[in-house]
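S.K.: Fold the following, please.
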Amino acid sequence: MIWPFTSASGKGDKSENDSSRQPVPWSDSLNGTDWQHYKDPRNWVPTLLVTTTVLASLKIYRSYLRRIPGAIHVQPSFFRKRSIFGRVTSVGDGDNFHLYHTPGGRLAGWGWLRRVPTKKPALKNRTIPIRIAGIDAPEGAHFGRPAQPFSTDALAWLSSYILGRRVRAKIYKRDQYDRIVATVFVRRFFIRRDVGLEMLKRGLATMYEAKTGAEFGGLEERYKAAENKAKAKKRGMWGGQLEHFESPREYKTRMNLEESTPKPNDTTNP
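M.R.: You can find the predicted model right below:
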């Protein structure tokens, strides 16, 4: 019996279908591919260009346009190789401040399309603490310690010089307080100024004197000359009697020694 809509030669068709479904060797299939299609540049160049553009754009974004919200997010590969650009949002002491990273600057829309927050709640955990490399400013009063002479002068000068301004920080490392140690530059009257060097010139800081961890970015001789000139002209902290002068490093060493030495009425120690 022949079913409707079927061929009378059903058995023959079945055998032909079975033979057509037999597996074909991979080599035969490969040899049967039309490779001429792939040799035509019009078929693969657009795909290559799109892929390359996407990968390059992603790399540029990650390296230059992605905003860094804090010191712990600065990649070690950036140290001694890269600088970061941003606006100073607060100055904590005579030699450190907080920076809001604005990658790309005005070309990326910062200042006209994208705004830097100004309120403390909006800035919380979104800035990078920067320690100015190569200098040591007089210590302010904190942790129960008295302030050094000229500590308020150094803080006031640094605040007036960089607070609210855009600066570029050439970064070297992260210190024990999770601050980024960097040489800091700011443009004043269209001239790029080294902030640390300017403080040395005014006698508002000394060269960093610690035996380890000092970073000068190749500017040590220049810094030393600026310090000697300020000392010779008795500027800032060098204006008093030098025999009674105590550098920030000497002050911190003395404070640490006093705090670690048991007092006569200390009953907690035998």
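S.K.: where do the helices sit along the stretch 151-270 of the chain?
M.R.: Assigned by DSSP state H, counting those that start in this stretch, the stretch 151-270 of the chain shows helices spanning 151-162, 195-201, 220-232, 248-260.
S.K.: Tell me which residues of the last one come out buried.
M.R.: Of the residues in helix 248-260, those with enough neighbours to count as buried (16 or more other C-beta atoms under 10 Å) are 248-249, 251-252, 255. Quick note: C-beta positions are derived from backbone N, CA and C, even for glycine.
S.K.: same thing with the third one?
M.R.: Residues of helix 220-232 classed as buried: 223, 226-227, 230-231 (neighbour count, 16+ other C-beta under 10 Å).
S.K.: what's the most distant pair in these?
M.R.: Tyr223 and Lys231 (12.5 Å; C-beta to C-beta).
S.K.: any chance of the helices of the stretch 151-270 of the chain in JSON lines, plus distance to Pro76 and mean pLDDT?
M.R.: Converted to JSON lines, the helices of the stretch 151-270 of the chain look like this (distance: least, C-beta to C-beta, whole Å; pLDDT from 0 to 100):
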{"stretch": "helix 151-162", "distance to Pro76": "26", "mean pLDDT": "97"}
{"stretch": "helix 195-201", "distance to Pro76": "23", "mean pLDDT": "98"}
{"stretch": "helix 220-232", "distance to Pro76": "23", "mean pLDDT": "97"}
{"stretch": "helix 248-260", "distance to Pro76": "27", "mean pLDDT": "92"}
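S.K.: Now distance to Thr89 too, for those, in JSON lines please.
M.R.: Output for these, formatted as JSON lines (distance: least, C-beta to C-beta, whole Å):
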{"stretch": "helix 151-162", "distance to Thr89": "10"}
{"stretch": "helix 195-201", "distance to Thr89": "16"}
{"stretch": "helix 220-232", "distance to Thr89": "26"}
{"stretch": "helix 248-260", "distance to Thr89": "24"}
